[in-house]
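**Q** A predicted structure for the sequence below; I have some questions about it.
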Amino acid sequence: MKLLILKSGREKSLLRRHPWIFSGAVACVQGDPGPGDTVAVRAGGGEFLAWAAYSPASQIRARVWSWDEGETVDGDLLRARLRRALAARERLLSLGDSDAMRLVHGESDALPGVVVDRYGDVVVLQLLTAGAERWRSELAEAVRELSGCACVYERSDADVRGLEGLPVRSGVLHGSLPAAGAHMREHGLSYGVDVAAGHKTGFYLDQRDNRKQVGDLARGREVLNCFCYSGGFTLNALAGGAQSVLSVDSSAEALALARANLQRNDLDAARAEWQDADVFKHLRALRDQGRSFDLIVLDPPKFAPTAAFVEKAARGYKDINLLALKLLRPDGLLASFSCSGGVSAELFQKILAGAALDADVDATIVGRFAAAADHPVLLSFPEGDYLKGLLLRRG
Ligand code: SAH
């Protein structure tokens, strides 16, 4: 029997059903478990707490697969979890004109370290932890069978794999990618998705409904979309009737994807302007040029992956939000996002309050954003609640 025994008193978070066991809470490990092996987690007093995946290289030393002593962690259990995750999304998928969705969202779907994203007929599997890696072939087979997609692609190349002592790995697991690449529909718009080299698994699915909501506000407005990636907010703004959209990103590959995505849709390319630039610098350039906008989107990358980066992240968020608020015309709207796990919604709101103060403008919260419903948040796992956003109206 492979065992992980906690220091006395360190079982509290597990009793609250938080699925992570940090190295500092571990008293001893018995039975010589290898990376990804299932261990029985017991309190100092011997009480059974959970079955978990052992991860010797990581500060997160184990992640819970099951709270039930009578359950066996095997391919069948993981397949059942996958089936539940898919069933929970079936109704969502029929909503709106979309065929792309996150099918598995890690811990919140009781599958720690496992992400499954579907783009049309291509499904992308991402394994982030030693525990997920241990069940790679079972998971890949279950995803193939249950998703019914023609192609299963693996994108196990996220940086966090390094913390788990895992090599990067990506490529086709089943079928083949369509010759013209993966493609998808979202709220009636068509996108090509670079599942092989794009960010995350190819697309930022978490922003699906926020893109639509912001697009619906764009009618007749001059829009600035910062950190545009493959053009999601840009296309929605154009579809929503924006007068013009200026999209900024510092990645030439992202801008190429975005331009190609614009061409896939019946939208007026003459209303779109693209800028390959660093947003921090370009907002200043726009200020110096005396430009102004009616609607600005700020959807930057993760500035604070963990709490250790919070201060630096806060400075970054304040800087871009201050500049954006100054570029807004009176009554203009700012849709401002943070996907930093280390920055809470409360802190983000405080940062924006500071930015408005320093910009010397009044701003009112007229909406709040979170990740779409296919990115559920387990109540006992607040880390899952990483995406937050505010819609501000400038006074
Ligand atoms: N809004 C997008 C997702 C944005 S992801 C969507 O809906 O799909 C963040 C983007 O910011 C990436 O495309 C990345 O290339 C870009 N980026 C990162 N740092 C940047 C910087 N300093 N200036 C401009 N773009 C940046």
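**A** Looks like it arrived, so ask away.

**Q** the nearest residue in space to Ala254 that is not next to it in sequence in helix, strand or coil?
**A** Leaving aside its sequence neighbours, Ala254 sits nearest to Tyr229 (CB to CB, 6 or more residues apart in numbering; 4.9 Å). Where C-beta positions appear, they are placed from N, C-alpha and C, glycine not excepted. When classified by DSSP: H, G, I helix; E, B strand; the rest coil, Tyr229 comes out as coil.

**Q** same thing with Gly215?
**A** Classified using three-state DSSP, Gly215 is helix.

**Q** thinking again about what came up before, distance of the residue nearest to Ala254 relative to the ligand?
**A** 3 Å (CB to the nearest ligand atom, to the nearest Å).

**Q** wait, that residue touches Tyr204, no?
**A** Yes. Using CB atoms under 8 Å, Tyr229 is in contact with Tyr204, at 6.5 Å.

**Q** identify the contacts common to these two.
**A** Asp299 (CB atoms under 8 Å, 6 or more residues apart in numbering).

**Q** which residues of the stretch 101-250 of the chain lie near the ligand?
**A** With CB under 6 Å from any ligand atom as the criterion, the stretch 101-250 of the chain comes near the ligand at residues Tyr204, Gln207, Arg211, Phe227, Cys228, Tyr229, Ser230, Gly232, Phe233, Val248, Asp249, Ser250.

**Q** and if we set it to 8 Å?
**A** 199, 203-204, 207, 211, 225-233, 248-250 (CB under 8 Å from any ligand atom).

**Q** now, these that are in strands?
**A** Asn225, Cys226, Val248, Asp249 (DSSP state E).

**Q** buried members of those into PyMOL, please.
**A** Buried members of these, defined by 16 or more other CB atoms under 10 Å, are picked up in PyMOL with:
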select buried, resi 225+226+248+249
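
**Q** just the ones in strands among the residues of the stretch 101-250 of the chain next to the ligand now: which is nearest Ile365?
**A** Nearest to Ile365 out of those is Cys226 (CB to CB; 19.6 Å).

**Q** who is that closest one paired with across the strands?
**A** Counting by DSSP bridges, Cys226 forms beta bridges with Val248, Leu298.

**Q** that one and Leu295 touch, don't they?
**A** No. Counting by CB under 8 Å, Cys226 does not reach Leu295; the two are 11.5 Å apart.

**Q** which stretches in this protein count as helices?
**A** 12-15, 75-93, 130-134, 136-147, 160-163, 208-216, 232-239, 252-264, 279-288, 310-327, 345-359 (DSSP state H).

**Q** packing partners for the second one?
**A** The contact analysis (3 or more CB pairs under 8 Å, 6 or more residues apart in numbering; DSSP states H and E) places helix 75-93 against strand 100-105, helix 136-147.

**Q** quick one on the thing from earlier: JSON lines please, covering the helices of the chain and showing mean pLDDT.
**A** Shown next, in JSON lines, are the helices of the chain (pLDDT from 0 to 100):
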{"stretch": "helix 12-15", "mean pLDDT": "96"}
{"stretch": "helix 75-93", "mean pLDDT": "92"}
{"stretch": "helix 130-134", "mean pLDDT": "98"}
{"stretch": "helix 136-147", "mean pLDDT": "98"}
{"stretch": "helix 160-163", "mean pLDDT": "94"}
{"stretch": "helix 208-216", "mean pLDDT": "97"}
{"stretch": "helix 232-239", "mean pLDDT": "98"}
{"stretch": "helix 252-264", "mean pLDDT": "98"}
{"stretch": "helix 279-288", "mean pLDDT": "98"}
{"stretch": "helix 310-327", "mean pLDDT": "97"}
{"stretch": "helix 345-359", "mean pLDDT": "98"}
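
**Q** go through these and pick out the most buried.
**A** helix 232-239 (a mean of 28; mean count of other CB atoms under 10 Å).

**Q** please save the CA atoms from it in PDB.
**A** Provided in PDB are the C-alpha atoms of helix 232-239 (Å, rounded to 0.1, in the frame of the first residue of the first chain):
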ATOM      1  CA  GLY A 232     -12.000  37.300 -30.900                       C
ATOM      2  CA  PHE A 233     -13.100  40.700 -29.500                       C
ATOM      3  CA  THR A 234     -12.300  42.300 -32.800                       C
ATOM      4  CA  LEU A 235     -14.600  40.100 -34.800                       C
ATOM      5  CA  ASN A 236     -17.400  40.400 -32.200                       C
ATOM      6  CA  ALA A 237     -17.100  44.200 -32.200                       C
ATOM      7  CA  LEU A 238     -17.300  44.300 -36.000                       C
ATOM      8  CA  ALA A 239     -20.200  41.900 -36.100                       C
END
